[in-house]
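Enquirer: Output the structure for:
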Amino acid sequence: MTHTVWLPVVTNAHQAPNTLPGVGSTYAAHAGYEQQAALVKVGAGWWYNWTYKPGGNGTPMIWGPQYLGKPLDGDTSWLMFYNEPEHPKQGYCVPEQGAADWAQLPALYPGRRYVSPGCYDLTWLERWLPLVERMPDALAAHCYVNRNCKDAMRGHFERAVQIAEQYGIPEVWATEWSYVGEVYDPPDEAAAFIRDMLAWFERQPRLTRQAYFQLSHAGDGSEWWWRANWDTSLVDFDTGEITALGQAFAGVEYADPRGDVNKNGKVDISDLVIVGSSFGKAVG
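Expert: Numbering: from 1, shown residues only. This is a model prediction of the structure:
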């Protein structure tokens, strides 16, 4: 006897995105959470964890000058360079040192494509680029906004695109971005913002990758837990379940009760993962 389950239809589910969606992810597996399953749930096409040894197919990063020359693992195609070198508590260095270190990459890590330092303050990149001979294969930029300046994120990444065009850099990566709300902000507002930004990314041909911040926060009061109780996680760290923000990021609708394959009382992307079918298809 054939049992048919209809899963939610996702518009353009098989169409490759113009801007490859990804995430930053820092936390290891535990009883309720496993990273690879979480990546599948949110539809991440790539990921990184701010280290030179991300493991799996993660994209490696030389976080700061102290890690230059360390052996890499993960994805062998790309290498991300310093993380927010303009910030004293991040991969700090002045543009002159950054340019000298950048010049060593082809000898230290040959055969890769190199991503510029990922900066929030784009003036650091504007000071750094005239100092380098080999242009980056991609320009990286970060941006976080709250409810009062959501339109500013588009302007920030548009400026990054303009810088890339000025120097003939073919790609721009939004390697950290999220809506950082106040405690009283409703999750629906952040979810709507995520959907709006994803649609906007798709209209920017030079913005080829984006990485949301982040896949899952530990929720333990660490520095990655924004403000008082605000959590930007796409997946709940304790349970591994996709959050409202993760649903928005994944672009899946959850209204059809016939898709509740795992019988948890709600239709979520884990139903799709469990069944292992194409979106919107009957499973027999």
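
Enquirer: Tell me, how many residues neighbour the closest residue in space to Asp73 that isn't next to it in sequence?
Expert: Distances taken as Cβ to Cβ, 6 or more residues apart in numbering put Lys53 closest to Asp73, at 4.9 Å, once the chain neighbours are dropped. In short, each C-beta sits where N, CA and C put it, glycine included. Counted with other Cβ atoms under 10 Å, residues neighbouring Lys53 total 14.

Enquirer: ok, Lys53 - contacts?
Expert: Pro60, Lys70, Pro71, Leu72, Asp73, Gly74 (Cβ atoms under 8 Å, 6 or more residues apart in numbering).

Enquirer: Same question for Gln97.
Expert: Gln97 is in contact with Pro65, counting by Cβ under 8 Å, 6+ apart.

Enquirer: And the strands in the stretch 51-200 of the chain, which stretches?
Expert: If you assign secondary structure with DSSP state E, counting those that start in this stretch, the strands in the stretch 51-200 of the chain sit at 78-80, 113-115, 138-145, 171-179.

Enquirer: Pick the most deeply packed of those.
Expert: Most buried of the strands of the stretch 51-200 of the chain, by mean neighbour count (mean count of other Cβ atoms under 10 Å): strand 171-179, with a mean of 25.

Enquirer: mind checking how far that one is from the chain centre?
Expert: How far strand 171-179 lies from its chain's middle: 7 Å, per Cα atoms, centre = their mean, to the nearest Å.

Enquirer: Now do that strand and strand 138-145, the angle between them.
Expert: Interaxial angle, strand 171-179 versus strand 138-145 (axes from the mean of the first three to the mean of the last three Cα atoms, to 10 degrees): 20 degrees.

Enquirer: What helices and strands are in contact with strand 171-179?
Expert: Applying 3 or more Cβ pairs under 8 Å, 6 or more residues apart in numbering; DSSP states H and E, one finds that strand 171-179 contacts strand 138-145, helix 151-166, helix 187-202, strand 207-213.

Enquirer: right, and these - which one's nearest Gly22?
Expert: strand 207-213 (4.3 Å; Cβ to Cβ).

Enquirer: and the closest one, how far from the chain's centre?
Expert: How far strand 207-213 lies from its chain's middle: 5 Å, per Cα atoms, centre = their mean.

Enquirer: hmm, back to that, quick one: the helices and strands packed on strand 171-179 as CSV, columns for distance to Pro95 too.
Expert: As requested, the helices and strands packed on strand 171-179 are exported to CSV (distance: least, Cβ to Cβ, whole Å):
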stretch, distance to Pro95
strand 138-145, 14
helix 151-166, 14
helix 187-202, 28
strand 207-213, 23
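
Enquirer: wait, which of these is closest to Glu34?
Expert: Ranking those by distance to Glu34, with Cβ to Cβ as the measure, places strand 207-213 first at 18.6 Å.

Enquirer: in that closest one, what counts as buried?
Expert: Leu207, Thr208, Arg209, Gln210, Ala211, Tyr212, Phe213 (16 or more other Cβ atoms under 10 Å).

Enquirer: coming back round to it: comparing the helices and strands packed on strand 171-179 by mean pLDDT, which bottoms out?
Expert: Looking over the helices and strands packed on strand 171-179, mean pLDDT reaches its minimum on helix 187-202, with a mean of 90.

Enquirer: Using PDB, write out every CA atom in that one.
Expert: Output of helix 187-202 as PDB, limited to C-alpha atoms (Å, rounded to 0.1, in the frame of the first residue of the first chain):
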ATOM      1  CA  PRO A 187      10.500  37.800  15.900                       C
ATOM      2  CA  ASP A 188       8.200  38.500  12.900                       C
ATOM      3  CA  GLU A 189       9.900  41.800  12.300                       C
ATOM      4  CA  ALA A 190      13.300  40.100  12.000                       C
ATOM      5  CA  ALA A 191      11.900  37.300   9.900                       C
ATOM      6  CA  ALA A 192      10.400  39.900   7.500                       C
ATOM      7  CA  PHE A 193      13.800  41.700   7.400                       C
ATOM      8  CA  ILE A 194      15.600  38.400   6.500                       C
ATOM      9  CA  ARG A 195      13.100  37.700   3.700                       C
ATOM     10  CA  ASP A 196      13.500  41.200   2.300                       C
ATOM     11  CA  MET A 197      17.300  41.000   2.400                       C
ATOM     12  CA  LEU A 198      17.400  37.600   0.700                       C
ATOM     13  CA  ALA A 199      15.200  39.000  -2.100                       C
ATOM     14  CA  TRP A 200      17.500  42.100  -2.400                       C
ATOM     15  CA  PHE A 201      20.700  40.000  -2.500                       C
ATOM     16  CA  GLU A 202      19.200  38.100  -5.500                       C
END
